[in-house]
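Engineer: Dropping a prediction and its sequence here:
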Amino acid sequence: MSAILNPGVKRVTVIGAGFGALSTVRELRRRDARVDITVVSPRAELHYLPGIIWIPSGLRTRDQLVVPLQAFFQRMRVTHLAADVTGLREGGRVVDTSQGEIRNDALVIASGGRFIKKLPGIEHAITPCEGIAAAEQIRDRLRQMPGGSIAFGFAGNPNEPSAVRGGPIFEFLFGIDEQLRREGRRDKFELAFFNPSNDPGNRLGAKAVRHLLGEMARRGIQTHLGHKLKRFDADKVVTEGAEFKADLIVFMPGLTGNAWFDQTELARSPGGLLQADAQCRVSGAQQVYVVGDSGSFPGPDWLPKQAHMADLQAAAAAANLLDALQGRPATATFRVELMCIIDGLNQGTLVWRTPERNVILPPLRVFHWIKRGFEWLYLRKYR
């Protein structure tokens, strides 16, 4: 409607309501007060998934992690369409949704990734980053268990080295270990960590891998490394090298592209993500950009899939999109930077990596509070 009332105004569609999408909206509005912005997502809500690591212990609840976005969209003068995207037409100028089509002059895809669920028996595992409900399921299972074995692990996309998210698994592992100790029942549980690589978390850097494995040894957590996963059973994990008991399996598969990507002609990477250049443009498409987990970007093999990286890509995409709409060359690129605090419920380990340096600071209580403070500051933008 706004495009009809203001025929000279450029229309931008943003797909998604996560970190990359909302940062794109903020950057677009900061740089251009007039551009017409439509956001397409199933709900006008931000689910702050970094906070789900604290749900099993009760430190966070669903209500604290779900942020309604109506007020934010009103401040940003954004139209929100509550719908699922089903495909694209006309080179991305038309977005097909469950509520009809939307036309645009430029498109930003920030709809996240999709977990690869091909491993036999994966229905026996809980994938925490699928959402708040998954973390609540872990919480409820822990409450019901008088003891037993819990296995934590992650895997990647064999065709996309960067399409892996292992950090939250380390946080669930260390957080639940600490939680059980606080509850006085750690001795009733066996905790195990498994990964097909011998150096899990190597995107964090070699120092971080040594620290994480050392922390597992210190806490009495078993490790099963270097063997390809074969299947999950209801009560065990089976790899090519061994099988071990697991009454509860917390597992993060590798990432690939959204299913609706198959209904487009957009260029795909070998791992199924949208192929992008350093300016966040989808290869071969005009005025179609990708931000965050949906894209495969040039960079080192440790290029992270995390909210911080999505925010950096959003700034580049917004700048290039607006420049291109004005006929200017798109030259903005994103900084490659991994920044995270691996939280253990009572302390955290800081990891920082750039192409030039890799820093890891040992577990300190202050880092746990910094992580909580960052959450408050980040969500303040949208509340």
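Structural biologist: Arrived safely, thanks for sending. Residues are numbered from 1 along each chain as shown.
Engineer: Quick one: the helices in the stretch 151-300 of the chain, in order.
Structural biologist: Per DSSP state H, counting those that start in this stretch, the stretch 151-300 of the chain carries helices over the ranges 167-182, 206-219.
Engineer: Which positions in the last one come out as buried?
Structural biologist: With burial defined by 16 or more other C-beta atoms under 10 Å, the residues of helix 206-219 counted as buried are 208-209, 211-213, 215-216. For glycine as for every other residue, the C-beta is placed from the backbone atoms N, C-alpha and C.
Engineer: Show me how far stretch 52-63 is from its chain's centre.
Structural biologist: Taking the mean of its C-alpha atoms, stretch 52-63 sits 17 Å from the chain's own mean (C-alpha atoms, centre = their mean, to the nearest Å).
Engineer: got the CA positions of it in CSV?
Structural biologist: Backbone C-alpha positions of stretch 52-63 (Å, rounded to 0.1, in the frame of the first residue of the first chain) are rendered in CSV as follows:
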residue,chain,number,x,y,z
ILE,A,52,18.1,-21.0,25.8
ILE,A,53,21.2,-22.5,27.4
TRP,A,54,19.8,-21.1,30.7
ILE,A,55,16.4,-22.7,30.4
PRO,A,56,17.2,-26.1,31.9
SER,A,57,18.5,-24.5,35.1
GLY,A,58,15.5,-22.1,35.3
LEU,A,59,17.7,-19.0,34.9
ARG,A,60,15.6,-18.1,31.9
THR,A,61,12.0,-18.8,30.9
ARG,A,62,10.2,-18.6,27.6
ASP,A,63,8.6,-15.2,28.5
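Engineer: Report the rounded mean pLDDT for that stretch.
Structural biologist: In this model, stretch 52-63 carries a mean pLDDT of 97.
Engineer: and the closest residue to Arg219 other than its chain neighbours, how many neighbours?
Structural biologist: Nearest residue to Arg219 in three dimensions, chain neighbours excluded: Asp177, at 5.3 Å (C-beta to C-beta, 6 or more residues apart in numbering). If you count neighbours by other C-beta atoms under 10 Å, Asp177 ends up with 21.
Engineer: next one: Lys188
Structural biologist: Count around Lys188 with other C-beta under 10 Å applied: 12.
Engineer: from memory it sits against Leu142, does it?
Structural biologist: No: contact between Lys188 and Leu142 fails when scored by C-beta atoms under 8 Å: they sit 11.6 Å apart.
Engineer: still on that earlier bit, need the pLDDT of the residue nearest to Arg219.
Structural biologist: 98.
Engineer: and Ala319, what is it in contact with?
Structural biologist: When contacts are counted by C-beta atoms under 8 Å, 6 or more residues apart in numbering, Ala319 touches 27, 31, 330, 332.
Engineer: Also Gly226?
Structural biologist: With contact set as C-beta under 8 Å, 6+ apart, Gly226 has these partners: 196-198, 241.
Engineer: of those residues, buried ones?
Structural biologist: By 16+ other C-beta under 10 Å, those give 196-197 as buried.
Engineer: My read is that Asp84 contacts Gly100, right?
Structural biologist: No: counting by C-beta under 8 Å, Asp84 does not reach Gly100; the two are 11.7 Å apart.
Engineer: These two: who's more crowded?
Structural biologist: More crowded of Asp84 and Gly100, by other C-beta under 10 Å: Asp84, with 13 against 9.
Engineer: so Leu81 touches Val40, yeah?
Structural biologist: Yes: counting by C-beta under 8 Å, Val40 is a contact partner of Leu81 at 4.9 Å.
Engineer: if I look at these two, which residues touch both of them?
Structural biologist: With C-beta under 8 Å, 6+ apart as the test, Leu81 and Val40 both reach 97, 102.
Engineer: Those two: which is more packed in?
Structural biologist: Remark: of Leu81 and Val40, Val40 carries more neighbours, 24 against 18, as counted by other C-beta under 10 Å.
Engineer: residues contacting Ala316?
Structural biologist: 279-280, 332-334.
Engineer: Break the protein into its domains for me.
Structural biologist: Residue ranges for the domains of the chain, per automatic domain parsing: 2-113+257-325, 117-252.
Engineer: can I get these in a markdown table with distance to Trp376?
Structural biologist: Compiled in a markdown table, these are given as follows (distance: least, C-beta to C-beta, whole Å):
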| stretch | distance to Trp376 |
| --- | --- |
| domain 2-113+257-325 | 10 |
| domain 117-252 | 18 |
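Engineer: Phi, psi for Pro56 please.
Structural biologist: Phi and psi for Pro56, reported as degrees, to the nearest 10, are phi -60, psi -30.
Engineer: What number of residues are in the vicinity of it?
Structural biologist: For Pro56, using other C-beta under 10 Å, the count is 25.
Engineer: ok so, going back, so which of the contacts of Ala319 are in helices?
Structural biologist: 27, 31 (DSSP state H).
Engineer: Make a ChimeraX selection of the buried ones in the contacts of Ala319.
Structural biologist: This is the ChimeraX syntax for the buried subset of these, where burial follows 16+ other C-beta under 10 Å:
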select :27,330,332
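Engineer: pLDDT check: weakest of the contacts of Ala319?
Structural biologist: The member of those with the lowest pLDDT is Ala330, at 92.
Engineer: pLDDT score for the closest residue to that residue other than its chain neighbours?
Structural biologist: Leaving out its chain neighbours, the residue that sits closest to Ala330 by C-beta to C-beta, 6+ apart is Asn320, at 3.5 Å. Note for Asn320: predicted pLDDT of 98.
Engineer: Shouldn't Asn320 be within a helix?
Structural biologist: Yes: assessed with DSSP: H, G, I helix; E, B strand; the rest coil, Asn320 lies in a helix.
Engineer: what's the nearest residue to the residue nearest the centre of the chain if we skip its chain neighbours?
Structural biologist: The chain has Gln306 as the residue nearest its centroid, 5.1 Å off, counting by C-alpha atoms, centre = their mean. Nearest residue to Gln306 in three dimensions, chain neighbours excluded: Cys340, at 6.4 Å (C-beta to C-beta, 6+ apart).
Engineer: Contact partners for Asp233?
Structural biologist: Asp233 is in contact with 121, 124, counting by C-beta under 8 Å, 6+ apart.
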